[in-house]
Structure formats: C-alpha cells, structure tokens
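Asks: Quick one, fold the following:
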Amino acid sequence: MTWDRDDARLALLELLSRGRLKRRQAQAGAYDALAELPWTRATGRRDEIGVVEERRGELAALIDRVWPAWREVLAELVAAGLPPTPDGFGRLLDRERAGGVPALPDRINRRTAAALTAPSSKAALTEARRGALGGTDPTHDGSIRLRPPAGLSARTRAGAVDLSAVAAVLGEVSIPERAFLDGLRFEGAVRAALLVENLGAWRDLPAPAGWLLAHVPGWDTATVGCLLDGLAGVPVVHFGDVDPNGARILLHLRQRRPDIRWLVPAFWLELADTVGLQTRWPPDLDLSFAPDAVQRLAGRGLWLEQERVVLDPRMASALEEALRPGSSHDPRA
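Replies: Numbers count the residues shown, from 1 in each chain. Model (predicted):
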C-alpha cells in the first residue's frame with residue numbers, strides 16, 4: 001500500500017485522531033490495508049474499524065513518515081470545524097483557495113472559475129466555490145451557429161449588426177453566449193425557428209423564407225436556452241435523428257420551452273423499411289408523447305438519421321405542416 005494520495009493519508013489521520021475509520025469508496029484501498037494490520041480491530045459496526053490502543057504508536061510512526069505535516073493539517077481542520085475526512089479536507093482546501101481569489105470581472109468562464117476555486121479547471125463548481133466568486137457569474141461560453149432569414153439583425157449595447165448581411169458573405173453567423181447575457185435582442189421578422197441536431201443536416205437543409213435555422217449539437221444546450229429566451233412568441237420546431245438520444249434531447253429542450261414542436265415527417269417514417277438502422281430503444285424511455293409511427297419504429301428496434309431526408313423536396317411541405325395548429329408535431333395537439 002502506498003500512502004502518497006491524500007485520501008489514503010486522510011484514512012490514517014481519521015483513524016489516529018478519532019480512533020475509528022469508516023469505509024468509503026474513495027479510501028477503500030487504505031481501509032482494506034489498515035483492516036489487515038494488527039493495529040486495528042473490528043468495532044462491531046458495519047464497515048468500520050478502530051485503533052488498537054496498544055499499537056497507536058505504530059500508527060503514529062507511519063503517519064509521521066508519510067505525512068510529516070499531519071499535525072498542522074489536523075489543527076486547521078479542528079479550527080475550521082471540519083472532520084478529518086476527504087470531504088472535510090476538500091472543504092478546507094476550498095476555503096484556502098477562496099482566500100487567494102484575485103479581483104474578478106463581472107463574468108469569467110466556468111473553467112477559469114474552477115481553476116481558481118477548485119482542485120482543477122475540470123472540477124465541479126459547488127455552491128461554496130461559486131460563493132468564492134462573489135458577484136462574478138461563471139459562463140459556459142458556448143456559441144450558436146445560425147442561418148438567419150433575410151432582414152434579421154442583432155442589437156446589443158455596443159450597436160447593431162445585420163445578421164443576414166453577414167450570412168450572405170460567410171454563409172452563417174455565430175453568436176456567443178455572453179452576447180445573449182449582455183442583452184442581445186433580434187430585430188426583424190422571424191416566421192419560425194428550426195433547431196437542427198446534426199451539423200450536415202443544418203448546413204444542407206434548404207431554408208424556407210423567414211425561417212431561422214440553428215445548430216443544436218446534442219446536449220450542448222446552454223446557449224440554445226439563451227436563444228430560445230430571445231425568440232418569445234416565435235414558433236420553434238426541433239429536427240433531429242429519430243432515435244433514443246434524439247427523443248431525450250427533445251424532452252430536455254422542452255423543459256426550457258414546452259411548446260417546441262417535433263419535426264417527424266410522415267414520408268420519413270415510411271422509409272423505415274429501406275433506410276432504417278438497427279438500435280435498442282431503452283424500455284424505460286417514455287415515448288407516450290411521440291407520434292404512433294415513432295412508437296412503432298421503436299418497437300421494431302429501428303432508428304432514422306436526419307441527413308437522409310434533408311434534400312428531399314417534400315421537406316418544404318413538412319416544415320409548413322409542422323407549423324399547422326393541431327398537427328402531430330404540436331405537443332399541444
């Protein structure tokens with residue numbers, strides 16, 4: 001057993017300072033190693049060992065060797081009212097990091113925030129770590145790729161830009177999350193918005209006049225939520241693969257915007273016999289909201305990829321049908 005990991009050394013510290021040690025997943029190796037030594041005994045409680053008082057000196061000698069600073073750490077934990085456990089030690093380190101956070105701007109990326117307040121930039125931003133940021137908001141800093149309709153502009157405090165003019169030159173525009181958070185608003189008519197799951201389908205689908213096409217890559221929906229907030233009163237249609245993940249993404253988006261319509265053209269489902277692909281639909285996935293044809297597709301263990309139909313001339317009428325009140329695409333039907 002090596003004792004160079006914090007969780008292993010904390011097992012020694014807890015056993016020495018409290019006289020007992022509970023088995024935790026993060027400390028399982030250290031616990032099992034200590035349980036085999038003559039320095040410990042069973043306490044009668046499940047997954048708990050205690051120190052044999054006559055052998056305490058040997059335990060102290062071990063922790064002195066592998067963690068010379070343990071006394072200072074224990075004193076800091078006691079002074080902070082924290083237990084000598086991985087959770088307690090983690091909170092102690094969080095407090096120390098919080099004391100070293102520099103002056104911050106109004107917003108910083110959540111990875112930057114984690115690097116300042118947590119063990120690494122990939123660590124979770126707990127409530128305590130967010131508290132160390134003061135009034136600074138952590139951001140995801142995603143961006144959303146759009147194919148805007150003619151005449152659509154975006155306005156922020158810095159000014160206005162004609163999105164359709166930019167797209168006429170570049171083919172598309174990209175709007176960052178921070179622009180939405182800073183109050184970006186659209187100016188111009190948007191007949192409907194289409195959220196498209198896959199990049200190729202989003203780029204190649206012929207856009208009907210007045211439609212705003214947005215690329216929604218899987219579960220990366222933080223910036224999409226900002227877009228939806230800016231499209232109040234505009235019909236929104238989702239177009240993704242007809243597969244388990246596509247159904248889950250739709251349900252996830254409806255948590256933000258319950259009236260999102262699901263584009264599942266009838267002619268697409270009729271192609272299942274020739275272009276359907278094999279998959280497993282989890283039995284716990286509730287498809288009661290889905291059209292009957294989708295439920296039958298799931299019962300056959302098939303899924304459909306959206307790229308297959310984006311250039312089908314029938315898509316134009318399918319998009320029009322999706323906007324019709326009471327259609328099978330409307331969740332309120």
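
Asks: and residue 283, how far is that from residue 301?
Replies: Residue 283 sits 12 Å away from residue 301 when distances are taken as CB to CB, to the nearest Å. Any C-beta I mention is one placed from the backbone N, CA and C, and that applies to glycine too.

Asks: Specify which residue of these two has the higher count of neighbours.
Replies: Legend: neighbour count by other CB atoms under 10 Å for residue 283 and residue 301, higher for residue 301 (12 against 6).

Asks: avg pLDDT for the helix or strand hosting residue 298?
Replies: In this structure, residue 298 is located in helix 292-299 according to DSSP states H and E. Model confidence over helix 292-299, given as mean pLDDT, is 91.

Asks: Check which helices and strands that helix is in contact with.
Replies: helix 266-269 (3 or more CB pairs under 8 Å, 6 or more residues apart in numbering; DSSP states H and E).

Asks: immediately after the helix it packs on, which helix or strand?
Replies: If you walk from helix 266-269 toward the C-terminus, the next helix or strand you reach (DSSP H and E) is helix 272-275.

Asks: wait, what's in contact with residue 233?
Replies: Listed by CB atoms under 8 Å, 6 or more residues apart in numbering, the contact set of residue 233 is empty.

Asks: Okay, it and residue 262: tell me how far apart.
Replies: According to CB to CB, residue 233 stands 20 Å off from residue 262.

Asks: swap in residue 76?
Replies: Between residue 76 and residue 262 the distance, using CB to CB, works out to 55 Å.

Asks: Could you list the domains of this protein?
Replies: The record's domain split for the chain, according to automatic domain parsing, is 6-99, 104-139, 143-323.

Asks: So for the shortest one, what gets flagged as buried?
Replies: I take that to be domain 104-139. Residues of domain 104-139 classed as buried by neighbour count (16 or more other CB atoms under 10 Å): 104, 107-108, 110-118, 123, 125, 129, 132-133, 136, 138-139.

Asks: Kindly report the same for stretch 258-278.
Replies: For stretch 258-278, by 16+ other CB under 10 Å, it's 260, 261, 262, 263, 264, 265, 268, 269, 272, 276.

Asks: same deal with stretch 36-48?
Replies: 39, 40.

Asks: try stretch 18-34
Replies: By neighbour count on 16+ other CB under 10 Å, the buried set for stretch 18-34 is 21, 22, 23, 24, 26, 27, 30, 31, 34.

Asks: so residue 282 touches residue 247, yeah?
Replies: No - counting by CB atoms under 8 Å, residue 282 stays clear of residue 247, with 10.0 Å between them.

Asks: just to revisit the earlier point, using CSV, write out every CA atom in the helix holding residue 298.
Replies: Only the C-alpha atoms of helix 292-299 are listed here, as CSV (Å, rounded to 0.1, in the frame of the first residue of the first chain):
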residue,chain,number,x,y,z
ASP,A,292,-47.7,6.5,-33.1
ALA,A,293,-45.3,5.9,-36.1
VAL,A,294,-42.3,6.7,-33.9
GLN,A,295,-43.5,4.3,-31.2
ARG,A,296,-43.9,1.6,-33.9
LEU,A,297,-40.4,2.3,-35.1
ALA,A,298,-39.0,1.9,-31.6
GLY,A,299,-40.9,-1.4,-31.2
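
Asks: how distant is it from the center of its chain?
Replies: Computed by CA atoms, centre = their mean, to the nearest Å, the chain-centroid distance of helix 292-299 equals 29 Å.

Asks: Would you tell me what the next helix or strand after it is?
Replies: Downstream of helix 292-299 (by DSSP H and E), the next one is strand 302-303.
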